[in-house]
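Novice: Could you work out the structure for the sequence below:
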Amino acid sequence: MDKDTIKKVSEVARLNLTDEELTDFGKDFDSILDYFSKLHDEKLKDLPSKETASVLRNDETSIDNVIPEKILDNAPEKENNLYKVPKGSK
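Specialist: As a prediction, the model looks like this:
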């Protein structure tokens, strides 16, 4: 990666880099891009295939046996069957 491109990237990222740091980052970026290139060239079809199943659950809620008083037992302060919290600062 050339020095001008690295300088533009560093400006977008709001990094104030010295010329020496630009050179060091250039080497780092080149090695990272080389690694991604190697990953891209790998034959993914040779990898063993696994069936993928959804690991996400359906969103389920249950409020059938919820007793507000039991929930409020853990509240440091309560008022009118509600949690009482300190007023926000202005």
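
Novice: Quick check: which ranges of this structure have low pLDDT?
Specialist: 43-55, 57, 60-65, 89-90 (pLDDT under 70).

Novice: Show me where it has its helices.
Specialist: Applying DSSP state H to the chain gives helices spanning 3-12, 19-41, 68-72.

Novice: Single out the most deeply packed of these.
Specialist: Among the helices of the chain, judged by mean count of other Cβ atoms under 10 Å, the one packed with the most neighbours on average is helix 3-12 (a mean of 13). Heads up, the C-betas are built off the backbone N, CA and C, glycines and all.

Novice: angle of that one against helix 19-41?
Specialist: Here helix 3-12 runs at an angle of 100 degrees relative to helix 19-41 (axes from the mean of the first three to the mean of the last three Cα atoms, to 10 degrees).

Novice: which outside residues touch helix 3-12?
Specialist: 16-17, 22-23, 25-26, 29 (Cβ atoms under 8 Å, 6 or more residues apart in numbering).

Novice: Stretch 69-82 now?
Specialist: Counting by Cβ under 8 Å, 6+ apart, 68, 83-85 sit against stretch 69-82.

Novice: how far is that stretch from where the chain is centred?
Specialist: Once both centres are worked out by Cα atoms, centre = their mean, to the nearest Å, stretch 69-82 turns out to sit 34 Å from its chain's centre.

Novice: From the opening residue of that stretch to its closing one, how far?
Specialist: For stretch 69-82, the first-to-last residue distance is 9 Å (Cα to Cα, to the nearest Å).

Novice: Adding distance to Ser37, write the contacts of stretch 69-82 out as a markdown table.
Specialist: Conversion of the contacts of stretch 69-82 to a markdown table gives the following (distance: Cβ to Cβ, whole Å):
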| residue | distance to Ser37 |
| --- | --- |
| Pro68 | 59 |
| Tyr83 | 55 |
| Lys84 | 59 |
| Val85 | 54 |
